[in-house]
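In: generate a structure from the sequence data that follows.
(chains A and B)
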Amino acid sequence: MNRFAELLDRLAYEPGRNNKLRLITGYFREASDPDRGYALAALTGALSFKHAKPALIRDLIAARTDEVLFGLSYDYVGDLSETVALMWPKAPLAAHNNPPPPTLTEVVTTLRTLGKTELPKQLERWLDELDETGRWALLKLVTGSLRIGISARLAKTAAAALGDKDPHEVELIWPGLAPPYLDLFAWLEGRAEKPVNRDPAPFRPVMLAHAIEDTDFAALDPADYIAEWKWDGIRVQAVAGRDDRGHITGRLYSRTGEDITGSFPDLVPSLRLPGAIDGELLILREGRVQSFNVLQQRLNRKVVSPKLIKEFPIHLRAYDLLGDDENDLRELPFAERRERLETFIAKLDDPRINLSPTVRFASWEALTAARADPASAGAGEDADAVEGVMLKRRDAPYLPGRPKGQWWKWKRDPHIIDAVLMYAQRGHGKRSSYYSDYTFGVWTGGNGGDELVPVGKAYFGFTDEELLQIDRFVRRNTTEKFGPVRHVVHEPDKGLVLEVAFEGLQRSPRHKSGVAMRFPRISRLRWDKPPREADRLETLERMLKAEPAEIDL
Amino acid sequence: MSHMRPQDILLPNAAGLCCKPGGFHIDPVRPVDRAVITHGHSDHARAGHGAVLATQETLDMMRLRYGENFAGSTQAIRYGEEIRLGDVCVKFHPAGHVLGSAQIAVICKDTCIVASGDYKDAPDPTCTPFELVPCDVFITEATFGLPVFRHGDAADEVKKLLASVALFPERAHLVGAYSLGKAQRVIALLRRSGYDAPIYLHGAMEKITEYYQSRGIELGELRPVKGMKKAALAGTITLAPPSATSDLWTRRFPDPVTAFASGWMRVRARARQRGVELPLVISDHADWDGLTATIGATGAGEVWVTHGQEDALVHWCRSRGLKAQPLDLVGYGDEEESEVPIPGEAEA
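Out: Now for the predicted structure:
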């Protein structure tokens, strides 16, 4: 447990993805079975046991420490688990009764079977046996608040690296595996054959597109490509398969392979034909695609209520077919898969699943026109939900990852506003010496005349050279410092105007301005523009009116 | 003369802790005629006093920092040596904080007050170990005066650093450490754990580190980091003042791992706030267990608590039946936080 705790501790501070990977792989190499398997389960969210309530932790510490000292300490530290981990006074143990700290395996397997009444005593024993970091990790684990910025995908990639395997291979067999993953590690270390995925509806690693640049077109022949709309929803994989008894299992996966079936039970009955569809999840009302903002109302819900299902009817728009019954289609050229998809969807004949239409074009000029005006190019009333066009090589097999030259995404031009830099904060990792996180604002009428109100934060979009320039500007024009945050001069005639590009806008009661941007980034530095000429909040509010209002549930 | 109350012997005033019957101040924050100084950190040892009494090492460090004329006159005192000043006697005892650091026992008639300055009871290869001085009144610091501060073995933290260097051989490791004491302790600990490669130094710590070496403290091969090629710093360890580790200066290092050696690193929020990637819990102050154990062992019936988390420590003393009060002394604090920014901060 202490070694796993050390890993968590280090990960919590490490900002870089590759460095995180190295740390996790290093741990897998050092730790032994079954501990490392349970660690992998903890990192991928595959552990399940009843979590301890904070009140229980409070009771434990209250029985051991002075109330005033605990209060002062908690005030200072600000986190219950950490406070308890740091100040936990070990019980005075007799010299002969000094048990070794529990292993992660012991903790996980005990928690699975432990009765509620036995939990406090057991936790107390473990807290006595572990060191500070071990106690911290234990408390985070048992209270279910192990937030350390690691995705399941990253943990699996780290495991794959142990055996120099492609993470997609791990992803492929993952649904058939269970903690502590002895068979997986045996394969990764070359001690056994690759585990077979017996999952009837497994995830297939997703193929992604490159963003196309103006200069790319010259080398491309329109005849080699099929174009289709890029819908502004959630990319998913809908898989159905027969289990051992011949029953159909339907599952919905996110593009990272996360099983999200539970959030969309209303789509499951439609997944009744064995096969694997690559498509986009959308909300359709009276046959019309709703905006991403509407779809968002269905995400991250703990409970999927009948009301939610009724008011936000889910729909799958199909792009591609990866499997047709028992047949793996991924080696086939896209044009052929597309034909199979059309047949498949026709056979399925389900109101919740339809085909994403292709966009006919003979030249890049024609496609440019279609992209600029999807409504007249076949998207009709759904044009607002079109994010751009996708270009797929007719002969491209379905390859995991982002292979070069196969698929291109060509987004519609983003929304653009000119905003004024207000605050800057230091970045992390490589950027820790740069002011690279920017809060920007637009003008609005206040009590004492016009004032800037923050409307968003961006930390990318600029070039390295531009970062240096902004960093220099921030350092020379700081009016106040608050810890890592600098207030940067922002007056009508003094300040820096940033051209900010973003994908969409949403009403947000949490922001002072009342709006929140989707995917904002710095697109240009407007050294030429005085801050007084930056945009006003009214401009954003007008854009908002074009978006449908948020619905309360 | 009747029995003296402790506050007749030592009492805080605007300049610091004043000993009226002895005619001196301990660690005064303003210029005074006669100063008795516990150790060389800048918040305790200031320039401009008339006469200064301190250990030879403390006097040398003041000279290094402030120049030859940092005081009207100086007098060196050894550990265990007793000197009469006015109506009192002062005696210096090792405080284990940094090289030359001392606790000052002030004895007047039959009352002994120990002003411990900053101290730690943990082992440190770069200075004389802390000595327990039985007394009637113990004046203690409270920098880490909360039970969440328990510092563990510094050698384990250095192992953590070396494990990181082994895991990331292509990156530079940049260790923020206060220039006086902490930096040399980290270097000495690295040497003890078998690390024998050259260790690089930020310019601001060269002088004081050379001084440590001149006092016979083995620190192995040290090199200035200035003028080094970026690529040549891969896999190396550099020590720098904490303020330098998050600034422009770091751009000369290949993908640096930012470490920070400090007792504050025990608390995650504190480490994160500073953008530290590798917190090393290495403190030059006693931790909670050290403070409470020391207070108990001095046998003092009365405890005065200065700079830091006074409330918790005063509460602890009282709950143990000891007379205790916070002593409001201003001008002391965490040297690490108060360190002046390095030149270049303002330029890009």
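
In: show me which residues of the stretch 451-553 of chain A sit near chain B.
Out: Residues of the stretch 451-553 of chain A found near chain B (C-beta under 8 Å from any C-beta of the partner chain) are A:468, A:471, A:472, A:475, A:476, A:483, A:484. Yep, even glycine has a C-beta here, placed from its N, CA and C like the rest.

In: how much space between the third one and residue A:115?
Out: Okay, so that is residue A:472. 62 Å (C-beta to C-beta, to the nearest Å).

In: the residue in the stretch 101-250 of chain A that chain B sits nearest to: neighbouring residues, count only.
Out: Nearest to chain B, among the residues of the stretch 101-250 of chain A, is residue A:132, at 6.9 Å (C-beta to the nearest C-beta). By other C-beta atoms under 10 Å in any protein chain shown, the residues close to residue A:132 number 21.

In: and it, how far from residue B:156?
Out: Applying C-beta to C-beta, the value for residue A:132 to residue B:156 is 11 Å.

In: where's the one residue in the stretch 401-550 of chain A that gets nearest to chain B, which helix or strand?
Out: When you check the stretch 401-550 of chain A against chain B by C-beta to the nearest C-beta, the closest residue turns out to be residue A:472, at 3.7 Å. Assigned by DSSP states H and E, residue A:472 belongs to helix A:464-476.

In: and the next helix or strand past that helix?
Out: That would be, after helix A:464-476 and using DSSP H and E, strand A:478-482.

In: now do that next one: which elements does it pack against?
Out: When contacts are defined as 3 or more C-beta pairs under 8 Å, 6 or more residues apart in numbering or on different chains; DSSP states H and E, strand A:478-482 packs onto strand A:485-488.

In: pLDDT (mean, whole number) over the strand it packs on?
Out: Averaging pLDDT along strand A:485-488 yields 90.

In: centre of the chain to that strand, how far?
Out: 29 Å (C-alpha atoms, centre = their mean, to the nearest Å).

In: can you check stretch A:188-195 too?
Out: 30 Å.

In: do stretch A:229-239 as well
Out: The answer for stretch A:229-239 is 15 Å, by C-alpha atoms, centre = their mean.

In: pLDDT of that stretch, averaged?
Out: 94.

In: re earlier: so which residues make contact with the helix holding residue A:472?
Out: A:421, A:424, A:431, A:434-436, A:438, A:462, A:486, A:488, A:496, A:522, A:525, B:346-348 (C-beta atoms under 8 Å, 6 or more residues apart in numbering or on different chains).

In: switch to 6 Å and redo it
Out: A:424, A:434, A:435, A:486, A:488, A:496, A:525, B:348 (C-beta atoms under 6 Å, 6 or more residues apart in numbering or on different chains).

In: and if you look at stretch A:24-35?
Out: A:7, A:36, A:103, A:104, A:105, A:158, A:161, A:162, A:180, A:182, B:167.

In: again with stretch A:397-408
Out: A:168, A:205, A:207-210, A:212, A:322, A:330-331, A:391-393, A:396.

In: in it, what counts as buried?
Out: By 16 or more other C-beta atoms under 10 Å in any protein chain shown, the buried positions in stretch A:397-408 come out as A:397, A:398, A:399, A:400, A:403, A:406, A:407, A:408.

In: again, but for stretch A:292-312
Out: A:292, A:293, A:294, A:295, A:296, A:297, A:298, A:304, A:308, A:312.

In: now it: mean pLDDT?
Out: 86.

In: picking up where we left off before, ok, which pair from the contacts of stretch A:24-35 is furthest apart?
Out: Using C-beta to C-beta, the contacts of stretch A:24-35 span at most 25.7 Å, a distance reached by A:182 and B:167.

In: surely residue B:114 meets residue B:104?
Out: No - counting by C-beta atoms under 6 Å, residue B:114 stays clear of residue B:104, with 7.1 Å between them.

In: re earlier: only the buried members of the residues of the stretch 451-553 of chain A next to chain B: can you turn that into a ChimeraX selection?
Out: Typed into ChimeraX, the line below selects the buried ones among those, using 16+ other C-beta under 10 Å:
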select /A:471,475,484
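
In: residue B:240 and residue B:17, how far apart?
Out: For residue B:240, the distance to residue B:17 - C-beta to C-beta - is 33 Å.

In: sorry, that was for residue A:450
Out: 55 Å.

In: pLDDT below threshold where in the chain?
Out: Since you didn't name a chain, this refers to chain A. A:93-97, A:429-430, A:545-553 (pLDDT under 70).

In: chain B is the one I meant
Out: In chain B (pLDDT under 70), the answer is B:1-3, B:329-348.

In: contact residues of the stretch 301-450 of chain A facing chain B?
Out: A:432, A:433 (C-beta under 6 Å from any C-beta of the partner chain).

In: make it 7 Å
Out: Counting by C-beta under 7 Å from any C-beta of the partner chain, the residues of the stretch 301-450 of chain A close to chain B are A:426, A:428, A:430, A:432, A:433.

In: so who does the closest residue to residue A:485 other than its chain neighbours touch?
Out: Once flanking residues are discounted, residue A:485 sits nearest to residue A:425: 5.0 Å by C-beta to C-beta, 6 or more residues apart in numbering or on different chains. Contacts for residue A:425 were tallied using C-beta atoms under 7 Å, 6 or more residues apart in numbering or on different chains; they are A:435, A:437, A:484, A:485.

In: tell me the bridge partners for residue A:425.
Out: residue A:437, residue A:485 (DSSP bridges).

In: buried among the contacts of stretch A:397-408? Need that as a selection in ChimeraX.
Out: Only the buried entries of the contacts of stretch A:397-408 go into this ChimeraX selection, using 16+ other C-beta under 10 Å:
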select /A:168,205,207,209,212,322,330,391,392,393,396
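
In: so which of the contacts of stretch A:397-408 belong to helices?
Out: residue A:168 (DSSP state H).

In: farthest pair within the contacts of stretch A:397-408?
Out: Taking C-beta to C-beta, no two of the contacts of stretch A:397-408 sit farther apart than A:212 and A:331, at 25.2 Å.

In: re the thing from before, nearest to residue A:512 among the buried residues of stretch A:292-312?
Out: residue A:293 (19.7 Å).

In: got phi/psi on that closest one?
Out: phi -60, psi -40 (degrees, to the nearest 10).

In: which positions within stretch B:156-163 qualify as buried?
Out: B:157, B:158, B:160, B:161.

In: so which of those are in helices?
Out: B:157, B:158, B:160, B:161.

In: contacts only, for the last one.
Out: Going by C-beta under 7 Å, 6+ apart, residue B:161 touches B:173, B:175, B:259, B:278, B:280.

In: among those residues, which are in strands?
Out: Assigned to strands by DSSP state E, the following of the contacts of residue B:161 qualify: B:173, B:175, B:259, B:278, B:280.

In: tally of neighbours for the nearest residue to residue B:150 once chain neighbours are set aside?
Out: Ranked by C-beta to C-beta, 6+ apart and with sequence neighbours excluded, the top spatial neighbour of residue B:150 is residue B:287, at 5.1 Å. Residues contacting residue B:287 under the criterion other C-beta under 10 Å number 25.

In: rewinding a little: out of the buried residues of stretch B:156-163, which comes closest to residue B:321?
Out: residue B:157 (35.6 Å).

In: surely that closest one is in contact with residue B:282?
Out: Yes - counting by C-beta atoms under 7 Å, residue B:157 does reach residue B:282; the two are 5.2 Å apart.

In: excluding chain neighbours, what is closest to residue A:145?
Out: Using C-beta to C-beta, 6+ apart, the nearest residue to residue A:145 is residue A:81, at 7.0 Å.

In: by contact count, what packs against the helix or strand hosting the one you found?
Out: Using DSSP H and E, residue A:81 sits in helix A:80-87. Packing partners of helix A:80-87 (3 or more C-beta pairs under 7 Å, 6 or more residues apart in numbering or on different chains; DSSP states H and E): helix A:54-64, helix A:67-77, helix A:132-142.

In: deepest-packed of those helices, please.
Out: helix A:132-142 (a mean of 24; mean count of other C-beta atoms under 10 Å in any protein chain shown).

In: write out the residues of the stretch 101-250 of chain B neighbouring chain A.
Out: B:146, B:147, B:148, B:150, B:167, B:168, B:246, B:247, B:248, B:250.
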